[in-house]
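Asker: sequence first, predicted coordinates after that:
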Amino acid sequence: MAKDKILSEIKQAETNARIMVDNAAKEKNDRISKARVEAREIIKQAEVDAHKSSQSTLRSAEHELASQKQKIIEEGIKEADIVAKNAKAKVDQAAENLISEFERAIHA
């Protein structure tokens with residue numbers, strides 16, 4: 001009987017060991033699945049954050065570009081006004097020079 005009892009205990013231990021191995025394998029697979037889901041969520045969140053960051057950077061760059069454009073336009077307008085004023089100031093002088101040259105050509 002002792003032999004039968006020992007064999008029975010060995011079989012029970014083997015069964016228990018098999019159950020423990022199966023449970024461990026199932027737990028391992030569950031943890032891997034959860035880790036994959038978490039990794040996907042982290043990647044998705046990182047993509048969302050990266051998109052938000054790139055949009056923010058783009059808006060900032062567009063704002064800076066618009067500001068620089070406006071400054072360039074304002075400087076161009078100021079320079080055009082200066083050139084126009086200088087040209088107006090020289091119109092009278094040019095007219096006088098033309099009249100002088102015309103009179104000299106007539107009297108020559």
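Answerer: Now that the structure is in, tell me what you want to look at.
Asker: could you point out which residue ranges in the chain have low pLDDT?
Answerer: Applying pLDDT under 70 to the chain picks out residues 1, 108.
Asker: what residues are up against Ile106?
Answerer: Residues counted as contacts of Ile106 (C-beta atoms under 8 Å, 6 or more residues apart in numbering): none. Any C-beta I mention is one placed from the backbone N, CA and C, and that applies to glycine too.
Asker: what helix or strand is it on?
Answerer: If you go by DSSP states H and E, Ile106 is part of helix 2-107.
Asker: give me the number of residues near Ile72?
Answerer: Number of residues near Ile72 (other C-beta atoms under 10 Å) recorded here: 10.
Asker: look up how far Ile82 lies from it.
Answerer: Counting by C-beta to C-beta, to the nearest Å, the separation of Ile72 from Ile82 is 16 Å.
Asker: what do you get for Lys34?
Answerer: For Lys34 relative to Ile82 (C-beta to C-beta), the value is 72 Å.
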